[in-house]
Each structure stands twice: as C-alpha cells, then as structure tokens.
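A.B. asks: Okay, here's the prediction I keep looking at, along with the sequence it came from:
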Amino acid sequence: MQWTINRLTELSQLSEVIVAVHHDDETAATLAFSHPDKIRFTTGGAERSDSVLAGLRVLDCDENDWVLVHDAARPCLVRDDLEKLVREAGEDPVGGLLALPVRDTLKHSFSTQPRVRATLPRDHVWQAQTPQMFRYGLLRRALETAAAEGRALTDESSAIEHLGFQPLLVAGSPRNIKITYPEDLELATYFLSQ
C-alpha cells in the first residue's frame, strides 16, 4: 500500500488520494507516505465496488472532475503509464483504463471440471489493469446503478460499459502486476528494486 500510494501522490495532477480500508485497519494510517497531506482514509465495503463508492462519496468535487481508481495491490505501476493514462483518457469523452493486449492462448473451461470447453480467440482481447479514469459524476452514477441492480463488478470500466459507454484502452506495462498470490511478491520485489 505504501509503494502504491506514494506512486500516486507523486503525480502533480492528483490533489487528493482517498484510501478505502477495512474498519478494523490500524496499520494503513501509520505507513510512511511521501505526501501524507494528500491522503485521506475512509472505511471500505464488502466488495471492491462498495469500497470505490465509499471513496467517491467522501470526495468533494464537481461532476466533471476526473477521478482515478487504482488497486493498492498494484504497487509496480509505472509512472510513464500513469501519466499516459491521464493524458490520453483526459482527452476522451468517456475516460479509460490501463490494459494489456492478451498474448497467451485463452481456454474456456467447464464450470464443473477443469477441462477445455473451447479455445477463445485472443484478437482484440485486453487484460484490464488499473488505474481506471472516469468523470466523477459518471462513475458514481454507474456504480450506484450497479449496486441498485445487485450486479457484481470486477472493475469500474464494466460499470461504465453497462451504461452504454465504451472506455478507452490505454496500453500499460506488464510490470503493473496485481499481487494476488504469494509468488507475486517475489516478482513485485524485483520490479520495485529496479
């Protein structure tokens, strides 16, 4: 979290970083952040979209202000990619997200067993990353609509897509990994040491 938030607060265009944490978290606020004056904590929710919505609700901004949503579990965000996202998505009427074109062959399995059901075409398939950048009003409306409809979301772009918009894909870096499994820590440590 410290690496991730420090990377975000380096960006001069960001005036504030809202960090959604578990209500029992006593560690996050004690970390050595490089710009603690830019950071504010709020209580997150049960799901990712609940935490993002909680963060949006404490922001004091205009409907048309840009907001970025980033996973704390992605500490290896490349500064050039962050700046490219802000530049390119900031010129787009909808907004956008960092993503990578898929290189590997994709297999679709059966739900009951780990056997190949089909090979999926990888042409025009991208792997979503974060940050994802949208106008405050549009993102809040999209997330509130999804919550009211009881739809599960894995990212903000899918909420925006559900409203009929087509977010911009901005090519990111393979270094922008999400720490999900223990072995990801070793790779992240290597990237951060570079």
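C.D. replies: Noted; the coordinates are in hand.
A.B. asks: element containing the closest residue to residue 119 other than its chain neighbours?
C.D. replies: Nearest non-adjacent residue to residue 119, counting by Cβ to Cβ, 6 or more residues apart in numbering: residue 107, 6.0 Å away. For glycine as for every other residue, the C-beta is placed from the backbone atoms N, C-alpha and C. Secondary structure assigned from DSSP states H and E places residue 107 in strand 106-109.
A.B. asks: Which positions within that strand qualify as buried?
C.D. replies: Residues of strand 106-109 include none that count as buried (16 or more other Cβ atoms under 10 Å).
A.B. asks: Follow the chain on from the longest helix along the chain and name the next helix or strand.
C.D. replies: Longest among the helix segments of the chain by residue count, using DSSP state H, is helix 136-149. The C-terminal neighbour of helix 136-149 among helices and strands, as given by DSSP H and E, is helix 156-162.
A.B. asks: Strands of the chain, start to end?
C.D. replies: 17-21, 39-43, 66-69, 95-101, 106-109, 116-120, 126-135, 168-171 (DSSP state E).
A.B. asks: Now do residue 122, the pLDDT please.
C.D. replies: Predicted confidence (pLDDT) for residue 122: 89.
A.B. asks: Got phi/psi on it?
C.D. replies: Comment: the main-chain dihedrals of residue 122 come out as phi -100, psi 0, following degrees, to the nearest 10.
A.B. asks: Can you name the residues that contact it?
C.D. replies: 102-106 (Cβ atoms under 8 Å, 6 or more residues apart in numbering).
A.B. asks: Let me have those residues in JSON lines, adding pLDDT as columns.
C.D. replies: Shown next, in JSON lines, are the contacts of residue 122 (pLDDT from 0 to 100):
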{"residue": "102", "pLDDT": "94"}
{"residue": "103", "pLDDT": "93"}
{"residue": "104", "pLDDT": "92"}
{"residue": "105", "pLDDT": "93"}
{"residue": "106", "pLDDT": "92"}
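A.B. asks: Most neighbours out of these, which is it?
C.D. replies: Neighbours were tallied for each of the contacts of residue 122 (criterion: other Cβ atoms under 10 Å), and the maximum of 15 neighbours falls on residue 102.
A.B. asks: didn't that one look like it was pressed against residue 124?
C.D. replies: No: with contacts defined as Cβ atoms under 8 Å, residue 102 does not count as touching residue 124, sitting 9.1 Å away.
A.B. asks: List the residues that are in contact with both of these two.
C.D. replies: The contact lists of residue 102 and residue 124 share no entry, where a contact means Cβ under 8 Å, 6+ apart.
A.B. asks: picking up where we left off before, what are the contacting residues of the strand holding residue 107?
C.D. replies: By Cβ under 8 Å, 6+ apart, the surrounding residues in contact with strand 106-109 are 115-120, 122, 125.
A.B. asks: quick revisit: just give me the closest of the contacts of residue 122 to residue 145.
C.D. replies: Using Cβ to Cβ, the shortest approach to residue 145 within the contacts of residue 122 belongs to residue 102, at 28.4 Å.
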